[in-house]
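> whatever this is, show me its structure:
(3 chains)
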Amino acid sequence: MLDGRSLPALAAWYRASARDLPWRRPEFDAWGTLVSEIMLQQTQAARVAVEIDRWLERWPTPADLADAPTHEVLRQWGTLGYPRRALRLQDTARAIVERHGGEVPRDVDALLALPGIGDYTARAVAVFHFGDRHPVVDTNVRRVVARAVHGRGEAAPAAKRDLADVEALLPASPADASVVSIALMELGALVCTARAPRCDACPIADACAWRAAGYPPYEGRRAPRQAAFAGSDRQARGTVLRALRAVDVPLAEADLAPLWPDAAQLERAVASLAADGLVLREHGAVRLPD
DNA sequence: AATGCGTGGAT
DNA sequence: TATCCAAGCAT
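A predicted model of the protein is given here:
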């Protein structure tokens, strides 16, 4: 159970143990926070940490990114993964310029209306930059709450009701609530990890319902496992994009053929990349968008 | 609700 | 080495 004793212990642990990550520096503005949160969607913090400063030096405001050539945006995105995020980030920059005068909005519904921004990212910006009071629910928070509050070893697959579940745990004051949210995330990342939790180092072990119950194994529903990556359409798409990032001219489709053993699958990959707007096809060649 | 979407670190 | 998993989102 998380209560008036364990939450202050959690906050104290956070102040003493938090990683020194770039987006936690005081000079990070709303745009820097938003960009970092997009990069952090399914990409580990340590990998984002080495890319974020260079990105923001190049495009320090939404207007700068809005005006950038998309092929340069995709090249700068590099190997962070899920490159559709880079396209949507640029779309979001353009929407911020057009709808919000170039300033990142504070309102959660306005943030949710931006492309590539969902329940987690919208509230992360509203809470961690603007200091408002909202539940911020990512995979770490869901796992910590599943264990400490509900006594289960794993979180159930993400669902809309997670928002209300976590909101009920937050202190009344926005400042206290934001520390609880960031501390729950950090605890899940450093201590209450998915694989080998370090319960001996946990600041709320005494309050943990999973520990009190003797660490029962998880019995609930799980999200379906990802399909194998080797030989997948995703790998084929990644191979094509990697080749296109490495050159600044269109590649003839005949030049792509040696990169992938299955010609039909390669064709499928290029077609789906084109459908996503990640590549353009013209005159039997493929290139990154302008 | 279930899928598809990249890449690399951790175990 | 193989598998899991990572500050999710859109459809």
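> residue of the stretch 101-250 of chain A closest to DNA strand C, please.
Proximity to DNA strand C, evaluated over the stretch 101-250 of chain A using C-beta to the nearest atom of the strand, is greatest for A:G118 at 2.7 Å. Bear in mind the C-beta positions are built from the backbone N, C-alpha and C, glycine included.
> residue contacts, the closest residue to that residue other than its chain neighbours?
Nearest non-adjacent residue to A:G118, counting by C-beta to C-beta, 6 or more residues apart in numbering: A:L112, 7.1 Å away. For A:L112, the contact set (C-beta atoms under 8 Å, 6 or more residues apart in numbering) comprises A:G118, A:D119, A:A122.
> residues contacting the second one?
Pointing back at A:D119 there. Taking C-beta under 8 Å, 6+ apart as the test, what A:D119 contacts is A:L112, A:V137, A:K160, A:L163.
> I'd guess the third one is in a strand, am I close?
No: secondary structure of A:K160, determined by DSSP: H, G, I helix; E, B strand; the rest coil: coil, with no strand assignment.
> count of neighbours near it?
Neighbouring residues of A:K160 were enumerated by other C-beta atoms under 10 Å; the total is 9.
> same thing with A:E98?
Counted with other C-beta under 10 Å, A:E98 comes out at 11.
> can you tell if the helix or strand encompassing it touches DNA strand B?
Applying DSSP states H and E as the criterion places A:E98 in helix A:84-100. Yes: on the criterion C-beta under 7 Å from any atom of the strand, helix A:84-100 is in touch with DNA strand B at A:R84.
> for that helix, packing partners?
Contacts defined by 3 or more C-beta pairs under 8 Å, 6 or more residues apart in numbering; DSSP states H and E place helix A:84-100 against helix A:30-39, helix A:62-66, helix A:70-77.
> mind redoing it with 10 Å?
Contact analysis of helix A:84-100 by 3 or more C-beta pairs under 10 Å, 6 or more residues apart in numbering; DSSP states H and E lists helix A:30-39, helix A:62-66, helix A:70-77, helix A:108-112 as its packing neighbours.
> just want the angle from the first one to helix A:70-77.
In other words, helix A:30-39. Going by axes from the mean of the first three to the mean of the last three C-alpha atoms, to 10 degrees, helix A:30-39 is angled at 70 degrees with respect to helix A:70-77.
> helix A:30-39 close to DNA strand C?
Yes: contact of helix A:30-39 with DNA strand C (C-beta under 7 Å from any atom of the strand) involves A:S36, A:E37.
> show the contacting residues for A:F128.
By C-beta atoms under 10 Å, 6 or more residues apart in numbering, the contact set of A:F128 is A:W23, A:R24, A:F28, A:A30, A:T33, A:S36, A:E37, A:V136, A:S178, A:S181, A:I182, A:M185.
> are any of the residues you listed buried, and which?
With burial judged by 16 or more other C-beta atoms under 10 Å, the buried subset of the contacts of A:F128 is A:W23, A:F28, A:A30, A:T33, A:S36, A:E37, A:V136, A:S178, A:S181, A:I182, A:M185.
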